[in-house]
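> Pasting the sequence and the predicted coordinates here, then a few questions.
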Amino acid sequence: MRDATEIQRDWALFLDLDGTLLDIADRPDDVAVPERLALELSRIRHDLDGAVAVVSGRELAVLDDLLSPYQGAGAGEHGAVVRMPDGSLDKTRSPLMPRIWLQILRTAAETWPGIVVERKPRSVCVHYRLAPDREAEVKALVESLPDLEREGFIVMPAKMAYEVKPRASSKGRAVAILMEAAPFAGRTPVYVGDDLTDEDGIAMAYKLGGFGLRVGDAFGGEPQNVRDWLARGVAA
């Protein structure tokens, strides 16, 4: 376990979104974004000379919409799409998800009240937060999708959800790519996340000479504590 030490000016800061910057909602579309979050992100990015990236499982366009007017370097869909500091996009050469999979998942969700299917351009996430008793069935369903391995996809457990994503994409990939570019290069990478989906990002931060802060350990499991930490960070 690592404590949340105060933000240092030589850091490159990587921040997960749901469960880290934002409180998790029952449904992805119901998430609430604190009014000052965009302002605090802009300020801390200024203080770190631009070396801040929000790394999320959400689609990049959705990420931007939630955090508007803030927009900076970052990654969507667990690193499948990385926005570089100059605004250009780096994408994994991943296959398109077969349409039949989405049909299978949505058909099942129609018969299972509380199951939410979150479609993204390169992946899909099945949430069972509103129907926790369905976990085993959801897991079996996503793992039974036809030709998962042959199509280049894997099933990744998340917080009250299962994600079907390209094998080639990861949050660790996003960290590695951004750390090669200014203003991230040469800094200490620090990854803040709350879920199993963030472990690749944390592992890459350690590999590159930095470290990770898990919300459950360093912030008492509360995104509000992460936001307060950002709000009082650096400046002076």
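Alright, I've got the coordinates.
> from what I can see Leu196 touches Tyr162, true?
No. Between Leu196 and Tyr162 there is no contact under CB atoms under 8 Å: 10.7 Å. Yep, even glycine has a C-beta here, placed from its N, CA and C like the rest.
> any residues in contact with both of those two?
Met156 (CB atoms under 8 Å, 6 or more residues apart in numbering).
> packing partners for the worst-scoring helix or strand of the chain on mean pLDDT?
Lowest on mean pLDDT, DSSP states H and E among the helices and strands of the chain sits strand 89-91, with a mean of 86. Applying 3 or more CB pairs under 8 Å, 6 or more residues apart in numbering; DSSP states H and E, we find strand 89-91 packed against strand 81-83.
> Check which residues of the least confident helix or strand of the chain are buried.
For strand 89-91, burial by neighbour count (16 or more other CB atoms under 10 Å) applies to Asp90.
> picking that back up, which one's more surrounded, Leu196 and Tyr162?
Tyr162 (21 against 12; other CB atoms under 10 Å).
> In three-state terms, label that one for me.
strand (DSSP: H, G, I helix; E, B strand; the rest coil).
> Per-residue pLDDT of it, please?
With respect to pLDDT, Tyr162 scores 95.
> can you check Met1 too?
51.
> picking that back up, identify the residues contacting the least confident helix or strand of the chain?
Leu60, Ala80, Val81, Val82, Arg83, Met84, Ile177.
> same deal with stretch 197-216?
1-2, 4, 11-12, 14, 16, 19-20, 55, 57, 78-79, 156, 158, 163, 170-176, 179, 188-194, 219, 221-223, 225-226.
> Return the closest of the contacts of strand 89-91 with respect to Glu137.
Ala80 (26.8 Å; CB to CB).
> What is the burial count for the closest one?
By other CB under 10 Å, 25 other residues sit near Ala80.
> what's the answer for the one 5 residues further on, then?
Counted with other CB under 10 Å, the neighbours of Pro85 add up to 17.
> now do Arg27
By other CB under 10 Å, the residues close to Arg27 number 12.
> Can you list the neighbours in contact with the longest helix seen in the chain?
Ranked by residue count and defined by DSSP state H, the top helix of the chain is helix 99-111. Contact with helix 99-111 is made by Ile115, Val116, Val117, Arg119, Val124, Val126, Leu141, Val142, Leu145, Pro146, Val164, as judged by CB under 8 Å, 6+ apart.
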